[in-house]
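Enquirer: Sequence first, predicted model second:
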Amino acid sequence: MPELPEVETVRRGLASVVTGRRVDAVSVLHPRPVRRHAAGPEDFAATLTGRRFGEPRRRGKYLWLPLEDGDAVLAHLGMSGQFRVDAPAAELPRNTRVLFNLDDGRQLRFVDQRMFGGLSVSPGGAELPDEVAHIGRDLFDPDLDVDALVARIRRRGSGIKRVLLDQTVTSGIGNIYADEALWHSGVHYDHPADGLAPRRVRALLDAARDVMSDALTVGGTSFDALYVNVNGESGYFDRTLNAYGREGLPCARCGTPIVREHFMNRSSFFCPRCQTVPRRES
DNA sequence: CTGTGGTCCTGTATGC
DNA sequence: TGCATACAGGACCACA
C-alpha cells in the first residue's frame, strides 16, 4: 500500500501491536520476500526468534521495526505488501509470506501478492538502517531542509514528476500523490524541473505535503482489498482524488475532462487545461 | 554525476 | 467459455 500515507497508516497500526513484544517464532512461507537476507530464509527466522521489538519507524515508504539490541527488521511494502494482525488460528490471507508469532499470543503476518517488497534484517539499523540512508528525507521530516530541496529539484533537467518520484531527492511520494500535487498546483507532469520558478516548486511541495496529510487523516488511499491497514480495513481517500484514476471525468476546477498519458511506464492523469507544459526548446 | 528503460512478480479486468 | 493482452499505488540495475 505503497505511498507515504499508507505506509504511515501501517506504521501506526504496527506501533500499537509490536512495540515491546517478543518474537516467539518466525515462519517464512515464501523465500522471495526475504531475498535480501543473504543468509537465507531459515537464518532469517532463526536470527529473529526470541528478540524484542521497539517502536516502528518510517522514512518515506520504508518502514523498520527496531529491535531492542540495536538491529532492525527493515520492511518495504513494494506494490502490494501488507502487514496484518490476527490470532494464529485465524485463516491466513491469500499470499501470506511470513509469520511472526508474538509473546502476547497474536500473530503478525506479512502478506504480499506481487512480492516486489520484502523484509530483511538490518544490523545496527534501529536508528536508521544503512539501506535507507540513501533515501531523501520526506516532507514530514522535521529536519528536512526545504530550501535545499527546492534548489536540488531545480538543478534537474528531467520532467518534474520524474524528480518527485526519485526517492533519493524527496521520499514518500508515489504515482497517486505526485499526480494530485501536480493537479493542485497546476503544473504539468513533464514540465522540466529546472524551468520551474522556486516559488512554484515550493508550492508543489506544499501541495504534496497537504494532500498526503489529508490522506493520512482518513487512513490513506485504497481502491480495493489490496491496500489495507493491519486490521484489513481500507482507507477512504480515493473519494477525494482530483486527478488520479479520473480519466474522462471533469476537472473539479475547470470541467475539462481529465487526460491519461503514459509516462515512465505508468499512467499520469492531469487536466490538459489547468496543467499545460511549455514547449521544450530544442 | 544525470537520465532512461527494462525487469522483478501475481492477479484482475477487458477485449476478441 | 477460452485465451491473450493490458495494467496495477515501487524500486533497482544496467547502460548511454
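Expert: Everything's here; your move.
Enquirer: Can you name the residues that contact residue A:244?
Expert: A:175, A:176, A:179, A:180, A:269 (C-beta atoms under 8 Å, 6 or more residues apart in numbering). C-beta: built from backbone N, CA, C; applies to glycine.
Enquirer: Residue A:113 is in contact with residue A:80, isn't it?
Expert: Yes: with contact defined as C-beta atoms under 8 Å, residue A:113 counts as touching residue A:80 (4.2 Å).
Enquirer: returning to what we had before: now the contacts of residue A:244 in a markdown table, with distance to residue A:53, pLDDT and secondary structure?
Expert: Formatted as a markdown table, the contacts of residue A:244 follow (distance: C-beta to C-beta, whole Å; pLDDT from 0 to 100; DSSP: H, G, I helix; E, B strand; the rest coil):
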| residue | distance to residue A:53 | pLDDT | secondary structure |
| --- | --- | --- | --- |
| A:175 | 31 | 95 | helix |
| A:176 | 30 | 95 | helix |
| A:179 | 35 | 97 | helix |
| A:180 | 33 | 97 | helix |
| A:269 | 39 | 96 | strand |
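Enquirer: Now narrow those residues to whatever sits close to DNA strand B.
Expert: When those are checked against DNA strand B using C-beta under 7 Å from any atom of the strand, none falls in range.
Enquirer: Looking at those residues, spot the one nearest DNA strand B.
Expert: Taking C-beta to the nearest atom of the strand as the measure, DNA strand B lies nearest residue A:175 of the contacts of residue A:244, at 12.5 Å.
Enquirer: Count the neighbours of the residue in the stretch 151-282 of chain A that DNA strand C sits nearest to for me.
Expert: As assessed by C-beta to the nearest atom of the strand, DNA strand C sits closest to residue A:174 within the stretch 151-282 of chain A, at 2.0 Å. By other C-beta atoms under 10 Å, 23 other residues sit near residue A:174.
Enquirer: Contact partners for it?
Expert: A:2, A:3, A:4, A:61, A:165.
Enquirer: same thing with residue A:149?
Expert: By C-beta under 8 Å, 6+ apart, the residues touching residue A:149 are A:136, A:169, A:170, A:205.
Enquirer: any idea whether it is helix, strand or coil?
Expert: Look at residue A:149: counting by DSSP: H, G, I helix; E, B strand; the rest coil, its state is helix.
Enquirer: Of the contacts of residue A:174, which ones also sit close to DNA strand C?
Expert: Contacts with DNA strand C are made by A:2, A:3, A:61, A:165 out of those, judged by C-beta under 7 Å from any atom of the strand.
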